[in-house]
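S.K.: mind folding the following:
(one chain, ligands or ions: 2)
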Amino acid sequence: MVLYKDGKVYLKIVYWGMGGSGKTTILKTLYQITKESKKDIIPIGELQIIEKESGATLYFDRGLFQSTKQKKVFYRVYTVAGQKGFSPLRRKIFDKTDDQTDAVILVVDSQTHFLEDNVESLLELKNMARDRLINEIPMIVMLNKQDLDNVIGVEDFKLILKDEKLWYDPDNKLYIWNPLIYASCALYEKKKEIYRSFHECARRTVLYHIYGDGKAPFDGDGDSFLDTSIVNI
Ligand SMILES: Nc1nc2c(ncn2[C@@H]2O[C@H](COP(=O)(O)OP(=O)(O)OP(=O)(O)O)[C@@H](O)[C@H]2O)c(=O)[nH]1
Ligand SMILES: [Mg+2]
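M.R.: Numbering: from 1, shown residues only. Ligands and ions are numbered 1, 2, ... in the order given. Now for the predicted structure:
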């Protein structure tokens, strides 16, 4: 989070995931959706897309969005380059010391034959975030490309998160902050869960900052943060 003297707040949200899982497409679709209809965020300026001829991201993509209800709140939204050799570039985006990542959206290519690559990408993220996922960095998961055949579902992916200790049992205080998992499609014509997943990520990011001072917040009975009206994004 970056806070300016004039009270403007910039929150940084990163789309992370294996090469080709759909991160750039998601950002473009989010941009279109929020440009053409009235939503809680509006895009400011154009998207910055840095890609190879093949369409794979070469460094990163970036978009700036402003909250329409809290006009001093801005979201700097990045996608990383998912291809295997680009890990150092991903670190530059994710781990910038003067502009730390506030929240992450893991974008999974849901086709079953990519399971291992998705897990590899998740492990890299875990390693880079150094135990801060969920307890300091809210996390959302998108199981993307659900329009295709042979795809994994939400319950399958929950098991992977459990294996990686990124899923808490109901008796744990962090249970309410378990990653929400959205079955999505990024293609504009078939779009599914693109805005809703971003909205939930933004909502959690704001809650972590307002109520948790940069950490997962808790209250007495534990679940009032599930009330979506508690905070404007
Ligand atoms: N069928 C289908 N294709 C998708 C979907 N999302 C993305 N694609 C396609 O998958 C390919 C890769 O998408 P990108 O958005 O470039 O993937 P990326 O995650 O940004 O890839 P890197 O930049 O290499 O990390 C493109 O041809 C997209 O059109 C989806 O939900 N369904
Ligand atoms: Mg990309």
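S.K.: residue 44 - nearest residue in space that isn't next to it in sequence?
M.R.: residue 64 (4.5 Å; C-beta to C-beta, 6 or more residues apart in numbering). Backbone N, C-alpha and C define where each C-beta goes, glycine included.
S.K.: quick check: that neighbour is in a strand.
M.R.: Yes: using DSSP: H, G, I helix; E, B strand; the rest coil, the secondary structure at residue 64 is a strand.
S.K.: surely it touches residue 73?
M.R.: No: taking C-beta atoms under 8 Å as the contact criterion, residue 64 and residue 73 are not neighbours in contact, 11.6 Å apart.
S.K.: quick one: which of these two has more around it?
M.R.: Between residue 64 and residue 73, counted using other C-beta atoms under 10 Å, the more crowded position is residue 73 (22 against 17).
S.K.: please name the bridge partners of the residue nearest to residue 44.
M.R.: Note on residue 64: beta-bridge partners by DSSP bridges are residue 44, residue 76.
S.K.: and it, what's its pLDDT?
M.R.: Confidence per residue is given as pLDDT, and for residue 64 that number is 98.
S.K.: same check on residue 224?
M.R.: With respect to pLDDT, residue 224 has a value of 69.
S.K.: residue 75 now?
M.R.: Spelled out, the predicted local distance difference test score at residue 75 is 98.
S.K.: relative to residue 205, how far out is it?
M.R.: Using C-beta to C-beta, to the nearest Å, one gets 8 Å for the distance from residue 75 to residue 205.
S.K.: give me the common contacts of those two.
M.R.: Counting by C-beta atoms under 8 Å, 6 or more residues apart in numbering, the residues touching both residue 75 and residue 205 are 11, 13.
S.K.: quick one: the longest helix along the chain to chain centroid distance?
M.R.: What stands out as the longest helix in the chain, according to DSSP state H, is helix 194-212. Between the centre of helix 194-212 and the centre of its host chain there is 9 Å, according to C-alpha atoms, centre = their mean, to the nearest Å.
S.K.: and it, what does it pack against?
M.R.: Counting contacts by 3 or more C-beta pairs under 8 Å, 6 or more residues apart in numbering; DSSP states H and E, helix 194-212 is packed against strand 9-16, helix 23-36, strand 41-51, strand 73-80, strand 103-109, strand 139-144, strand 180-183.
S.K.: tell me the buried residues in it?
M.R.: Burial within helix 194-212, assessed by neighbour count using 16 or more other C-beta atoms under 10 Å, is assigned to 194-195, 197-209, 211-212.
S.K.: what residues does the protein have near ligand 1?
M.R.: Among all residues of the chain, those adjacent to ligand 1 (criterion: C-beta under 6 Å from any ligand atom) are 17, 19-25, 55-57, 79, 81-83, 144-145, 147-148, 185-187.
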